[in-house]
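Enquirer: here's a sequence, model it:
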Amino acid sequence: MASRGKTETDKLKQNMQDQLDRLMAQLADLEEAREDLDDDEYEETKQETLEQLKDFKESLSKMMAGNMTLVDELNGMQLAIQAAISQAFKTPEVIKLFAKKQPGQLRQRLAQVERDGKVNKLSPDLYTQQKVEILMALSKLGDKLTPEEEAFVASNSSEALNEFEKVSGQLESSDKLLQVAGSQVQQASK
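Expert: As a prediction, this is how the structure comes out:
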């Protein structure tokens with residue numbers, strides 16, 4: 001099972017502690033060896049070590065501002081969406097087609113589900129569940145739903161599907177924000 005950044009964060013903390021210990025030992029060794037070094041060599045080595053400490057302090061400040069974790073907010077949203085999908089979609093084929101972004105095949109699957117529902121090959125509950133999942137997936141992939149399909153989703157969607165709708169909407173707004181930021185970075189670098 002994935003550590004979701006905990007192992008990496010612990011390793012990063014250990015590496016930071018090791019680097020701090022190394023820089024402090026380097027300063028202590030320099031002071032002990034001061035008699036063996038000429039003044040220029042001592043000052044140059046001390047300045048290099050102090051510069052390394054300054055760089056280390058800046059890195060540490062940046063990490064502390066980010067709460068020193070490697071799992072960022074977008075990754076957290078992706079995890080939430082993954083969890084929402086696993087709770088919202090119970091039909092493996094719908095999950096697969098949604099993940100592969102295949103609205104055409106989802107429409108074919110919808111036609112098959114509707115056919116199976118009419119001939120009572122699917123129970124009413126299973127028919128409703130699968131149809132809502134497919135319609136929700138189509139909607140999220142940008143496929144236009146008919147007013148009848150929208151009404152069906154509205155009247156039959158589960159709590160898990162509503163949660164999925166809310167969480168995935170947050171990701172879409174974050175994606176737009178990232179696109180704007182990315183285009184501004186590209187324009188600034190020109």
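
Enquirer: show me what whatever helix or strand D40 lives in is packed against.
Expert: According to DSSP states H and E, D40 maps onto helix 39-65. The contact analysis (3 or more C-beta pairs under 8 Å, 6 or more residues apart in numbering; DSSP states H and E) places helix 39-65 against helix 6-32. For the C-beta atoms, the positions are set from N, CA and C on the backbone; glycine is no exception.

Enquirer: tell me which residues in the helix it packs on are buried?
Expert: Of all the residues in helix 6-32, those buried under the rule 16 or more other C-beta atoms under 10 Å are 9, 23, 27, 30.

Enquirer: against M136, how distant is the first one?
Expert: Taking C-beta to C-beta, to the nearest Å as the measure, T9 falls 35 Å from M136.

Enquirer: the spatially closest residue to L23 that is not a sequence neighbour: how many residues sit nearby?
Expert: If the residues on either side of it in the chain are set aside, L23 comes closest to L53, at 5.3 Å by C-beta to C-beta, 6 or more residues apart in numbering. L53 has 16 neighbouring residues, counting by other C-beta atoms under 10 Å.

Enquirer: which SS class is D143?
Expert: Secondary structure assignment for D143 (DSSP: H, G, I helix; E, B strand; the rest coil): coil.

Enquirer: excluding its backbone neighbours, what's nearest it?
Expert: Per C-beta to C-beta, 6+ apart, closest to D143 is P103, 4.3 Å.

Enquirer: next, that neighbour: phi, psi?
Expert: Main-chain torsions, P103, degrees, to the nearest 10: phi -60, psi -30.
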